[in-house]
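Asker: predicted model and sequence below, questions to follow.
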Amino acid sequence: MKSRKPFVVLLVSSALMVTICAVFVCLGVYSANEKDPFYSNYGDFGAGYIPLVKPYKAVKLFGKTVDGNEHKWVIELIVPPDQKELYYYLYIYDVTKIAIENQVIMAYSPDSKTLTDHDKRVGQKVLYWFVVVPDQNIETGFETEEEFLAYIQTFGIENPSWMDPDIAHQQLLETRCLDWIPDCK
């Protein structure tokens, strides 16, 4: 009588190979459909995030400030100061409106406290309207809406579709999607 050992070994190794292949196929399909982690991080225990255009995001700390006010949305500006027009601006504070079209980030901030009194004395302008174009390293701002609207026309933008950041963040939490997020359906 012949031994069945070679047949069992062949059967087990074939089943193992099929299982391994199935795992790799599933992992390949999963990773191909998975969003960029930048666009799927909406916050953590201490803050809420709104991914704008990579690598920019709006951030809001949860809770209250030391004086009892609610924290505001902030956008960090990342182009080195010596390579941009907004030398004194490292952040856009108190962002109350955001819009993204054609990979151009637009933000409005009524916060005139962004600059210190010293900055104002040396002639630094107080800016309220901001444009960030990540792929061109552009971070610029304007005192007036008219200047801002004229500038964004150079990017083919006429009337931005503004969103309140709190509403955008809530929509992101509920739908996992915002119009400007790549591959978002």
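Answerer: Noted; the coordinates are in hand.
Asker: what's the pLDDT at residue 128?
Answerer: Looking at residue 128, its pLDDT reads 91.
Asker: quick one: it from residue 97, how far?
Answerer: Shown here: residue 128 relative to residue 97, a distance of 10 Å by CB to CB, to the nearest Å. Bear in mind the C-beta positions are built from the backbone N, C-alpha and C, glycine included.
Asker: return every residue with contacts to both of the two.
Answerer: Listed as contacting both residue 128 and residue 97 by CB atoms under 8 Å, 6 or more residues apart in numbering are residue 108.
Asker: low-confidence stretches in the protein?
Answerer: Applying pLDDT under 70 to the chain flags the ranges 1-35, 45, 81-88, 112-124, 185.
Asker: please enumerate the helices of it.
Answerer: For the chain, the helices defined by DSSP state H cover 5-33, 117-121, 145-152, 165-175.
Asker: quick one: buried residues of the last one?
Answerer: In terms of neighbour count (16 or more other CB atoms under 10 Å), helix 165-175 has its buried residues at 165, 168-169, 172.
Asker: let me have the residues you listed in TSV, extended by distance to residue 111.
Answerer: Below are the buried residues of helix 165-175 laid out as TSV (distance: CB to CB, whole Å):
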residue	distance to residue 111
165	13
168	18
169	19
172	23
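Asker: between those residues, which is nearest residue 135?
Answerer: residue 168 (21.7 Å; CB to CB).
Asker: ok, that closest one to residue 76 distance?
Answerer: Per CB to CB, residue 168 is found 17 Å from residue 76.
Asker: what's the domain layout of the protein?
Answerer: Split into domains by automatic domain parsing, the chain comes to 1-34, 37-175.
Asker: for residue 148, give me its contacts.
Answerer: Applying CB under 8 Å, 6+ apart to residue 148 gives the contacts 106, 129, 131, 142.
Asker: please apply the same query to residue 62.
Answerer: Going by CB under 8 Å, 6+ apart, the list of residues near residue 62 reads 46-48, 71.
Asker: can you flag the buried ones in those?
Answerer: residue 48.
Asker: nearest to residue 180, of the contacts of residue 62?
Answerer: Nearest member of the contacts of residue 62 to residue 180, counting by CB to CB, is residue 48, at 17.0 Å.
Asker: export stretch 168-184 as PDB, just CAs?
Answerer: Coordinates of the C-alpha atoms in stretch 168-184 are reproduced here as PDB (Å, rounded to 0.1, in the frame of the first residue of the first chain):
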ATOM      1  CA  ALA A 168     -17.200  71.600   7.300                       C
ATOM      2  CA  HIS A 169     -15.800  69.600  10.200                       C
ATOM      3  CA  GLN A 170     -19.200  68.300  11.200                       C
ATOM      4  CA  GLN A 171     -19.900  67.300   7.500                       C
ATOM      5  CA  LEU A 172     -16.500  65.600   7.500                       C
ATOM      6  CA  LEU A 173     -17.300  63.600  10.600                       C
ATOM      7  CA  GLU A 174     -20.700  62.600   9.300                       C
ATOM      8  CA  THR A 175     -19.900  61.800   5.700                       C
ATOM      9  CA  ARG A 176     -16.100  61.300   5.700                       C
ATOM     10  CA  CYS A 177     -16.100  63.600   2.600                       C
ATOM     11  CA  LEU A 178     -15.700  67.200   1.500                       C
ATOM     12  CA  ASP A 179     -15.900  68.400  -2.100                       C
ATOM     13  CA  TRP A 180     -12.200  69.100  -2.300                       C
ATOM     14  CA  ILE A 181     -10.900  65.800  -0.900                       C
ATOM     15  CA  PRO A 182      -9.400  63.600  -3.600                       C
ATOM     16  CA  ASP A 183     -11.400  60.500  -4.600                       C
ATOM     17  CA  CYS A 184     -14.200  61.500  -2.300                       C
END
